[in-house]
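Enquirer: The sequence and its predicted three-dimensional model are supplied below.
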Amino acid sequence: AIGQTQGFSVLLLPLTEQMDFTSRDVSLIFLVGAFGGAFLMPVVGRLMDGRGARRILIASTLAYAVAFCVLALVPNRYVAIIALLAVRLIGSIVLWLGASVLVAWWFTRRRGLALGILVGIGSALLSLLAYGLSIVIERTGIVTGFLFLAALACVVLLPVLIWGVVDDPGKIGQYPDGEV
């Protein structure tokens, strides 16, 4: 999720140069997002426990895409700050938390290994995304970069969540760790 440090590092220069944010503005958004996340994580976790991670992740991904569209299409600085905060909260809290919850539901014996794979692959993919995003922004500007991220969320992440994620292994005749 681009709300993580890798993504924000790519956005820092374009936000300051193309959208007239100061580095202090971006740092404050990052800070408020981190502390806001500390309070929201238990709430979102409880929602996932009650309603399922898949449902929360789908709704969050849609909100994520909308926030990127707002960033791209709304020139108002204050609305952009709120949208950036939403990106930070959704990306770094809901999406990572949801992925971790799903791993916990699907693995019991080797949960540490499964979480290690999730974090390792997730971090590598985020770094690759950040690099790709830096090229898009460098060649076309930050507005196109935000639209690219919104499209990526809808075209890549949403289909995986809709058709590839199952909250409970038992619903498809499976057991945690693949046990029979």
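Expert: Done, it's in.

Enquirer: How about the secondary structure of the residue most central in space within the chain?
Expert: For the chain, the residue nearest the mean C-alpha position is Gly91 (2.5 Å; CA atoms, centre = their mean). Following DSSP: H, G, I helix; E, B strand; the rest coil, Gly91 is assigned to helix.

Enquirer: In this structure, mark out all the helices, start to finish.
Expert: Secondary structure of the chain (DSSP state H): helices at 5-18, 23-51, 53-73, 77-89, 96-106, 111-140, 142-152, 158-164.

Enquirer: and the ones you listed as a markdown table, adding mean neighbour count and distance to Asp177?
Expert: C-betas here are computed from N, CA, C, even on glycine. Putting the helices of the chain into a markdown table (neighbours: other CB atoms under 10 Å; distance: least, CB to CB, whole Å) gives the following:
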| stretch | mean neighbour count | distance to Asp177 |
| --- | --- | --- |
| helix 5-18 | 17 | 31 |
| helix 23-51 | 15 | 20 |
| helix 53-73 | 21 | 18 |
| helix 77-89 | 19 | 32 |
| helix 96-106 | 19 | 8 |
| helix 111-140 | 14 | 9 |
| helix 142-152 | 20 | 32 |
| helix 158-164 | 13 | 19 |
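
Enquirer: Thr108 touches Asp177, doesn't it?
Expert: Yes: contact criterion CB atoms under 8 Å: Thr108 and Asp177 qualify, at 5.7 Å.

Enquirer: so where's the chain uncertain?
Expert: 1-8, 180 (pLDDT under 70).

Enquirer: Distance to Gly173 added to the helices of the chain, as a markdown table?
Expert: Output for those, formatted as a markdown table (distance: least, CB to CB, whole Å):
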| stretch | distance to Gly173 |
| --- | --- |
| helix 5-18 | 37 |
| helix 23-51 | 22 |
| helix 53-73 | 17 |
| helix 77-89 | 36 |
| helix 96-106 | 14 |
| helix 111-140 | 20 |
| helix 142-152 | 32 |
| helix 158-164 | 16 |
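
Enquirer: if I read this right, the residue nearest to the centre of the chain contacts Tyr64, doesn't it?
Expert: Yes: counting by CB under 8 Å, Tyr64 is a contact partner of Gly91 at 6.5 Å.
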